[in-house]
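Visitor: Okay, structure incoming, though there's no sequence with it:
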């Protein structure tokens, strides 16, 4: 029989205990926030612990991301000072950067290809801007990095954009020149691929990560923020396509005031308005731990109210992944799914073994199952695992039934993969 973990029944699946069916009783409306559809990848780990994952762990994490609708991954920086993510001949020769043991950019691109995600390459950060306050220092080194990277990796289908990784919050020396110059070169080299920046708002929580303070007295007003960023947007429009302001430096009762101004400015200057929904908690004296779910929820709801174009997060793998070094991250993942998945069902299903001789039965039961799912407003994915016995005939049938989406890795497609992220199976 075609048994579903989405059935509204108390029976367990694949030997799982009945506690698998227990859901939190939410007293607020579900799914009112903007869904997170992108995440940064931080393998330089400047101020958070390195998790020392290999390709097996990263492959599994991409599956976890895909399961909740993440379609975009952004390398936050390809290098910081002497540590780099790929074997750059230029950076090793010019800046004395260390040779990495693994080409992470190659790995991320292959995984992005596999899971049908868009990959944004983050530029190099020499550290000179942080030392001098002048962003123009970063232009020269990145000219060579952009050329080198596009020549080396530009053939990947998933290479879909660039992240200008230099972060600012206010009118900054050299900012307009640097963003415009780097954005222009990225677009010219790659045939017009989009460029992204992610500045922070100079709010009351904009304090040094290495310090002990959680807030500061001097914070930018909404009016001053609008004045300075209107000037910056005017200077970078056409070379920067999207701006994702970090949302963690202002208080929760300030979200709508700043978010509405961000959206108004972005619309005026033709820049997409994203939010960088930080999934770590800036209110804790320990830096940094996964955020309390309600704080993340309020930020995503504010972004939805202001009709933002996209929500990304810093960052899934440390602060939301079920396999994170932080135990709380898996719980945040579960609370996020409970909030955004309507009904009481799981949001993805794993088909482990379906044989061609049961095709007629499968056809009828699958159609009935999908109709029940739609009636209950359930959003889900079917993941097929070929090595576990899914036969070619079944895949061909599903491909026809789902409009040719098998293997295309669209958001709502059937995925052919080998790493079940939940352990839940349909037989």
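Guide: Perfect, I can see it now. These numbers come from a predicted model, not from an experiment.
Visitor: for residue 108, what are its contacts?
Guide: The contact partners of residue 108, by CB atoms under 8 Å, 6 or more residues apart in numbering, come to 41, 58, 73, 75, 119. For every residue, glycine as well, the C-beta is placed using N, CA and C.
Visitor: And the strands in the stretch 101-250 of the chain, which stretches?
Guide: With DSSP state E, counting those that start in this stretch as the criterion, the stretch 101-250 of the chain has strands at 118-122, 124-125, 159-163, 195-197, 242-246.
Visitor: what comes up buried for the third one?
Guide: This means strand 159-163. The neighbour-count criterion (16 or more other CB atoms under 10 Å) identifies 159-163 as the buried residues of strand 159-163.
Visitor: Need these in a markdown table (columns: distance to residue 337 and pLDDT).
Guide: Conversion of the buried residues of strand 159-163 to a markdown table gives the following (distance: CB to CB, whole Å; pLDDT from 0 to 100):
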| residue | distance to residue 337 | pLDDT |
| --- | --- | --- |
| 159 | 29 | 98 |
| 160 | 26 | 98 |
| 161 | 27 | 98 |
| 162 | 31 | 98 |
| 163 | 27 | 98 |
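Visitor: one step back: need the strands of the stretch 101-250 of the chain in JSON lines with distance to residue 292, can you?
Guide: Output for those, formatted as JSON lines (distance: least, CB to CB, whole Å):
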{"stretch": "strand 118-122", "distance to residue 292": "28"}
{"stretch": "strand 124-125", "distance to residue 292": "30"}
{"stretch": "strand 159-163", "distance to residue 292": "27"}
{"stretch": "strand 195-197", "distance to residue 292": "27"}
{"stretch": "strand 242-246", "distance to residue 292": "17"}
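Visitor: ok, residues contacting the strand or helix carrying residue 93?
Guide: For residue 93, the enclosing helix or strand under DSSP states H and E is helix 89-95. For helix 89-95, contacts defined as CB under 8 Å, 6+ apart pick out 79, 81-82, 84, 97-99, 124, 126, 141, 144-145, 148.
Visitor: let's go with 10 Å and repeat that
Guide: If you take CB atoms under 10 Å, 6 or more residues apart in numbering as the criterion, helix 89-95 is touched by 78-79, 81-82, 84, 88, 97-100, 124, 126-127, 140-141, 143-145, 147-149, 152.
Visitor: hmm, which of those are the buried ones?
Guide: The neighbour count (16+ other CB under 10 Å) marks 78-79, 81, 84, 88, 97, 100, 124, 126-127, 141, 145, 148-149, 152 as buried among the contacts of helix 89-95.
Visitor: out of the residues you listed, who's nearest residue 257?
Guide: When the buried ones among the contacts of helix 89-95 are compared for distance to residue 257 (CB to CB), residue 127 wins out at 33.7 Å.
Visitor: Tell me if I'm right that that closest one and residue 44 touch.
Guide: No. With contacts defined as CB atoms under 10 Å, residue 127 does not count as touching residue 44, sitting 11.4 Å away.
Visitor: Spell out which residues are contacts of both of the two.
Guide: Between them, residue 127 and residue 44 share these contacting residues under CB under 10 Å, 6+ apart: 79-81.
Visitor: can I get these in JSON lines with pLDDT, secondary structure and distance to residue 136?
Guide: JSON lines is the format used below for the shared contacts of residue 127 and residue 44 (pLDDT from 0 to 100; DSSP: H, G, I helix; E, B strand; the rest coil; distance: CB to CB, whole Å):
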{"residue": "79", "pLDDT": "96", "secondary structure": "strand", "distance to residue 136": "18"}
{"residue": "80", "pLDDT": "95", "secondary structure": "strand", "distance to residue 136": "18"}
{"residue": "81", "pLDDT": "95", "secondary structure": "coil", "distance to residue 136": "18"}
